[in-house]
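> Got a predicted model here, sequence first, then my questions.
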Amino acid sequence: IGGDTSGSPETLFIDVSVIGECESGKAITRRGANPGDRIYVSGGLGASALGLSLLESGFRLDESQDVSSAKRKALLRHLSPTPQLQLGRALGAEALATAMIDISDGLTTDLWHILDESGVGAVIHAAHIPVDECVATASETVNLNPLQLALSGGEEYELLFTASPANTAPLSRLAETLRLRLTAIGEVVANRGLQLERNGLFEPVQPSGFEHLI
């Protein structure tokens with residue numbers, strides 16, 4: 001389901017693991033995406049990666065700095081993320097998703113996990129990727145491209161999932177009920193690989209997020 005490969009230069013290291021249970025047959029794994037499925041993400045993307053860049057550039061959440069609301073939001077998205085637990089439970093309970101993963105290593109990297117496990121490919125559309133508003137506003141501060149932050153930035157903890165077109169209406173109702181943003185960013189295809197469509201042109205995309213080296 002997931003793992004943690006970490007190191008510390010100090011003598012003390014603390015790690016936490018969580019073990020849970022799921023009703024038999026109810027788990028939504030990475031291996032279930034089918035050609036024709038739509039690809040969805042929750043929330044806006046890129047804010048956590050922007051927050052990390054701001055921290056590395058010296059910005060802090062304290063009263064000694066005049067931090068704009070956009071920068072503050074990005075910092076909080078990195079320091080205090082909110083996992084979409086309620087959405088995940090609802091997608092499982094109502095069997096609305098065919099495959100699912102959270103965006104912890106970056107959109108392209110985590111989407112590749114689904115494609116690899118499911119034996120399929122995908123096309124995503126640059127114009128449909130929900131770049132967080134704070135990223136569009138504050139990314140110039142650290143000279144970063146908003147779309148690239150959304151494609152590659154990790155530590156989002158938003159959900160990335162695939163779903164049959166037949167579930168479009170139920171997903172819209174679920175998003176309204178939970179008062180959250182769900183965006184269809186592309187579709188699953190039979191051919192292997194991942195392509196980004198931008199202004200009618202298609203370009204192959206390789207995983208560009210965090211890679212765990214063991």
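Here it is on my side, so go on. Quantities reported herein were computed from a predicted structural model and do not represent experimental measurements.
> for this protein, what spans make up the helices?
47-56, 69-79, 85-93, 107-118, 133-138, 146-152, 168-178 (DSSP state H).
> And the first one, what's buried?
Using 16 or more other C-beta atoms under 10 Å as the burial criterion, the residues of helix 47-56 that qualify are 47-54. All C-beta spots, glycine's among them, are computed from the backbone N, C-alpha and C.
> same thing with the last one?
In terms of neighbour count (16+ other C-beta under 10 Å), helix 168-178 has its buried residues at 171, 174-175.
> where in the protein is pLDDT low?
Within the chain, the ranges that satisfy pLDDT under 70 run 1-6, 64, 209-214.
> Just give me the longest strand of it.
strand 182-189 (DSSP state E).
> quick check, distance from that strand to the centre of its chain.
Remark: strand 182-189 is offset 13 Å from the chain centroid, using C-alpha atoms, centre = their mean, to the nearest Å.
> now swap in stretch 161-170 and tell me
Distance, stretch centre to chain centre, for stretch 161-170: 18 Å (C-alpha atoms, centre = their mean).
> ok so, going back, now the helices of the chain in TSV, with distance to Glu203?
Output for the helices of the chain, formatted as TSV (distance: least, C-beta to C-beta, whole Å):
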stretch	distance to Glu203
helix 47-56	21
helix 69-79	27
helix 85-93	30
helix 107-118	12
helix 133-138	21
helix 146-152	12
helix 168-178	27
